[in-house]
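Enquirer: Only the shape, not the letters, is given here:
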């Protein structure tokens, strides 16, 4: 992701400022951390359940710092391995920070869905993926010159948008394409999509992307956080989604 100069003018809202999506704020040096498995399964005792109920985290399968690094890498994959210009063009979205955030949160959500399948360690990782996202958004708004009061109000709006989107996308991915299309129309398109082909494109993208990311090895994701994404547009993408047809012998069995 390239870094460009941001206009010094103070904008009225963080939601309508251009080019902020190019600001790379996660230029951290990712130190190699020795993995140290701490438990061998998901069975936890009463004490662990108690301290987790109090808001603390019990022993996890891998070193917590290692999981945090993997979470940062996974979030970085959501912002640096996506062709945002293509999304803006194909979906007729304005080139603003708000549009960047809506596309980014869609990919963050897909990562959260995948990592929640990895037990307690995966859920712990989800917390830091979201934490990385909010740090990124806040740093981008600071670089753009948004004052503290406006930044606080904008972050509040974006937080509400994010958690509403999570519920909508969760419902959509568990339902049929009509429900998923409705969730995308409300959240990503902000109720302003008039071209059904754009919704069709995004529904297909989410379905094939979820199928692809579900096939990734959970242990690798916990240890590295490396996620690759399928292209937004590709030839014969529907073939990825088709269930293999059944074969029969001569007797019809």
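Expert: Looks like it arrived, so ask away. Predicted, not measured: the structure shown is a model, and the values here were computed from it.
Enquirer: Now do the helices in the chain.
Expert: 46-53, 64-80, 84-90, 97-115, 119-143, 148-174, 177-187, 196-214, 218-224, 238-241 (DSSP state H).
Enquirer: hey, which of the ones you listed is tucked in deepest?
Expert: helix 97-115 (a mean of 22; mean count of other CB atoms under 10 Å). Just so you know, the C-beta spots here come from the backbone N, C-alpha and C atoms, and that holds for glycine as well.
Enquirer: for that helix, packing partners?
Expert: helix 64-80, helix 84-90, helix 119-143, helix 148-174, helix 196-214, helix 218-224 (3 or more CB pairs under 8 Å, 6 or more residues apart in numbering; DSSP states H and E).
Enquirer: residues in contact with residue 142?
Expert: residue 151 (CB atoms under 8 Å, 6 or more residues apart in numbering).
Enquirer: what about it, distance to residue 134?
Expert: 13 Å (CB to CB, to the nearest Å).
Enquirer: For residue 145, see how far away residue 217 is.
Expert: 43 Å.
Enquirer: Which of those two has more residues huddled nearby?
Expert: Neighbour totals were compared for residue 217 and residue 145, and residue 145 leads with 15 against 9 (other CB atoms under 10 Å).
Enquirer: per-residue confidence for that one?
Expert: Residue 145 carries a pLDDT value of 81.
Enquirer: rank the helices of the chain by pLDDT, which is bottom?
Expert: When I compare the helices of the chain, helix 46-53 is least confident, with a mean of 47.
Enquirer: about what we covered before: with distance to residue 230 added, can I get the helices of the chain in a markdown table?
Expert: Output for the helices of the chain, formatted as a markdown table (distance: least, CB to CB, whole Å):
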| stretch | distance to residue 230 |
| --- | --- |
| helix 46-53 | 36 |
| helix 64-80 | 13 |
| helix 84-90 | 12 |
| helix 97-115 | 11 |
| helix 119-143 | 20 |
| helix 148-174 | 16 |
| helix 177-187 | 17 |
| helix 196-214 | 5 |
| helix 218-224 | 16 |
| helix 238-241 | 8 |
